[in-house]
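the amino acid sequence is not available; the structure is as follows:
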């Protein structure tokens, strides 16, 4: 068994270039996004090249699909209905995992760059990126809840689909810009690039953009979690001091 | 100038927050209300998550109330004795209110209950105050003397106490009961409770309007400080950056408001407060009655 392992590895290494003769070499304008006090969104430029050891294959042109996905968390979607003359929340569906931010950027219309089966396999489009295992039995149209989630987040620019956002030159160089909104959650933003030909994925690359709070933002956030009591007292002290300060300043003006 | 709030995790315009704080601060100083019933919906509107808005608002009210109460201390319009009695009732009420709130949360539909509470109380209080003040203004115009305080059943209760600043000699039972009732409502509705406390002091306890505002602010400081600590230690939802921006505007506004309030007649002050309360009530009622443009809403999972 022990002797077999290096052999297997060697076989794998030999097999790899044969399977993927087009490889992605990628660069990011910034691999880290720092949330500072005056953070107002950020634009990340993604640029790359296709490395190949053979001439460009004939046939359909190379297309590029890129996704950037923020940390996922469960979300409750509620629906209002009219009961006794007033609008109240009635049914609710819990979506098990929905990314807090999700962008799909493609080099051509989505239908042309990716087949449905490939979308299902790699979970590229927004509905695929959201995982909703099951709604309660009594809710007939569970799909409309997921659609509502996408609609609301799209309106807030948390979910974006930018068709034609990737520029591809000579089937070799590509670049795209992704705009991260001002209301950003901390975490590792999973960035994936797919090269496709006639809708089939031929190469794939994954990297991470690290989004984190820095400086004062980081300090306050950590304090509020780890020393909640102290943080509360500090908030109150600031409030009292500000109240007293304003009163003192105004009494000076009155004299 | 955009500024990123570390706890709320959203980026908002700093000047907008300063302005909102200032506006609510003026109202707070004028009427002796914390302003939470106005500020909390406004914060929702500009995209602050509800949990953060409610908790941070409590912290901001501490600041504007403190600023306001200092101005009232200088004019000797704070009845410390009455304030303390109300506060004792208020803290008992707040503890009861939290229990009621948690019970209702377990039953679901707590959002609806909070909204209905707002509509009913704001409507009843605003309406009563409006008509009463209108009558008082009409009477002064016709030259009738204002109606004297009537002796009613409240004056027959035991444990009498002298409240010199308010010029009252009444039993401590009504103020404690008022304190408890306001405490319960304040905890359920997530506000300081000034807009309920102020009319209760005027109409139930018969305190003079001038003293009511300072005394109400005095007890609001303690109730909201208590709430702030509770939110900060259990839910981690107090955003100090948001609070600072709101309270810088708020404390300045409260000082201005107090000065405006002193110059105005009691009836005018009450009719303005009544109109404001009715406006907020109308807005909330419309939200419940009209079909919303988006019938779906998103919420964080886990809080079943």
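Received the coordinates, thanks. Everything quoted here is computed from the prediction, not taken from an experiment.

give me the phi and psi angles of the most centrally placed residue in chain A.
A centroid search over chain A (C-alpha atoms, centre = their mean) returns residue A:69, at 1.9 Å, as the residue closest to the centre. Main-chain torsions, residue A:69, degrees, to the nearest 10: phi -130, psi 130.

OK, contacts around it?
A:99, A:101, A:102, A:103, A:129, A:189, A:190, A:191, A:192 (C-beta atoms under 8 Å, 6 or more residues apart in numbering or on different chains). From N, CA and C alone the C-beta is placed, and that goes for glycine too.

looking at these, which are in helices?
residue A:129 (DSSP state H).

between the contacts of residue A:69, which is nearest chain B?
Set against chain B, the nearest of the contacts of residue A:69 by C-beta to the nearest C-beta is residue A:101 (11.4 Å).

what distance do you get for residue B:83 to chain A?
16 Å (C-beta to the nearest C-beta, to the nearest Å).

that residue and residue B:75, how far apart?
15 Å (C-beta to C-beta, to the nearest Å).

got the phi/psi numbers for residue 115?
I'll assume chain A. Per degrees, to the nearest 10, the backbone of residue A:115 is at phi -80, psi 160.

so which elements touch whichever strand or helix holds residue B:100?
Using DSSP states H and E, residue B:100 maps to helix B:80-107. Of the remaining helices and strands, those touching helix B:80-107 by 3 or more C-beta pairs under 8 Å, 6 or more residues apart in numbering or on different chains; DSSP states H and E are helix B:110-142, strand B:160-163, helix B:173-189, helix B:209-234.

show me the residue at the heart of chain B, geometrically.
residue B:194 (3.1 Å).

picking that back up, tell me the pLDDT at the residue nearest to the centre of chain A?
In this prediction, residue A:69 carries a pLDDT score of 89.

which strand residues bridge it?
Residue A:69 has the following beta-bridge partners by DSSP bridges: residue A:102, residue A:190.

same deal with residue A:42?
Counting by DSSP bridges, the residues bridging with residue A:42 are residue A:180.

mind checking how far stretch B:11-18 is from the chain centre?
Remark: stretch B:11-18 is offset 23 Å from the chain centroid, using C-alpha atoms, centre = their mean, to the nearest Å.

my bad, should have said stretch B:176-193
For stretch B:176-193, the distance to the chain centre is 9 Å (C-alpha atoms, centre = their mean).

kindly report the same for stretch B:133-140.
25 Å.

what does the stretch 151-300 of chain B put close to chain A?
B:225, B:228-229, B:231-233, B:236, B:238, B:240-241, B:243-244, B:247-248, B:251-252, B:254-255, B:287-292, B:294-300 (C-beta under 8 Å from any C-beta of the partner chain).

ranking the helices and strands packed on helix B:80-107 by mean pLDDT, which is last?
strand B:160-163 (a mean of 73).

mind listing what's buried in that strand?
residue B:163 (16 or more other C-beta atoms under 10 Å in any protein chain shown).

and if you look at stretch B:131-147?
For stretch B:131-147, by 16+ other C-beta under 10 Å, it's B:132, B:133, B:136.

same question, stretch B:164-172
In stretch B:164-172, counting by 16+ other C-beta under 10 Å, buried: B:165, B:166, B:168, B:170, B:172.

which of these lies closest to residue B:40?
residue B:166 (30.1 Å; C-beta to C-beta).

so the closest one: helix, strand or coil?
Of the three states, residue B:166 takes coil under DSSP: H, G, I helix; E, B strand; the rest coil.

how about residue A:105?
Classified using three-state DSSP, residue A:105 is strand.

and it, what does it touch?
With C-beta under 8 Å, 6+ apart, residue A:105 has these contacts: A:65, A:66, A:67, A:68, A:160, A:162, A:165, A:166, A:176, A:178.

thinking again about what came up before, of the contacts of residue A:69, which one scores lowest on pLDDT?
residue A:129 (83).

what does the stretch 51-200 of chain A have sitting close to chain B?
Counting by C-beta under 8 Å from any C-beta, the stretch 51-200 of chain A sits next to chain B at A:73-82, A:85-89, A:94-95, A:145, A:148-149, A:151-153, A:182-186.
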